[in-house]
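Student: Take this sequence and fold it.
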Amino acid sequence: MENGLTDTKMFDSKLLQELDFENKCKVTFDPVISPSNPGESLVMRPLSLGDYDRGIIQLLGQLTEMGDISREKFTERFNNMKKDGYYYVIVIEDTQTNQVIASATVIMEQKIIRQCSLKGRIEEVVVNENYRGKQLGKLLVSTLILLSEHLGAYKTVLETNEKTIPFYKKFGFEPKEHSLQLYH
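Tutor: Sure, this is the predicted structure:
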């Protein structure tokens, strides 16, 4: 319960439990961590409405410009993403501080090509600066790759800058094609 309301999750937590992390993960962890055991006092789970109070907006602010996002705006966007059913935002919460300390998203794009398949697109991978170096970004990306595959994607893509390409190559990503952006 959060503010007298059920703490609604973006998607069913069982999806994360269904992933064959031990056998299908393409990277290794030292020390060993996993979606079910991301570290001491840490828990990985779907984004929830209560994460507004657990610092998700401030965390995402370490990644990009956020602007002023009220609880109402956050709730409306959360509900739209949940209703759509193609957004999967996972977070890692530090249960000692009750703060979201890492987050990443995979969006399942509906395609007409490849027999009306799905394509996973990973976005907004961020780990709180005080928790970096604990393999949490690697854990988030590994989990989203497996989730994307589990949900039926024929491929998973992401956009990144030159500096982080070596990090993403560890997972099997290869630079391909050019990305162009037009901001409005």
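Student: buried set for stretch 160-169?
Tutor: When burial is assessed from 16 or more other C-beta atoms under 10 Å, stretch 160-169 yields the following buried residues: Y168. To be clear about C-beta, it is placed using only N, CA and C from the backbone, and glycine gets the same treatment.
Student: can you check stretch 124-141 too?
Tutor: If you call a residue buried by 16+ other C-beta under 10 Å, then stretch 124-141 has these buried ones: 125-128, 131, 134-141.
Student: Rebuild those as JSON lines, extending it with pLDDT.
Tutor: Below are these laid out as JSON lines (pLDDT from 0 to 100):
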{"residue": "V125", "pLDDT": "97"}
{"residue": "V126", "pLDDT": "97"}
{"residue": "V127", "pLDDT": "98"}
{"residue": "N128", "pLDDT": "98"}
{"residue": "Y131", "pLDDT": "98"}
{"residue": "K134", "pLDDT": "97"}
{"residue": "Q135", "pLDDT": "98"}
{"residue": "L136", "pLDDT": "98"}
{"residue": "G137", "pLDDT": "97"}
{"residue": "K138", "pLDDT": "98"}
{"residue": "L139", "pLDDT": "98"}
{"residue": "L140", "pLDDT": "98"}
{"residue": "V141", "pLDDT": "98"}
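Student: where does the protein have low pLDDT?
Tutor: Judged against pLDDT under 70, the low-scoring parts of the chain cover residues 1-6, 182.
Student: can you rerun that using 90?
Tutor: The model of the chain has pLDDT under 90 over residues 1-7, 160-162, 175-184.
Student: And the next helix or strand past the biggest strand by length in the chain?
Tutor: Ranked by residue count under DSSP state E, the longest strand found in the chain is strand 99-110. Downstream of strand 99-110, the first helix or strand assigned by DSSP states H and E is helix 113-116.
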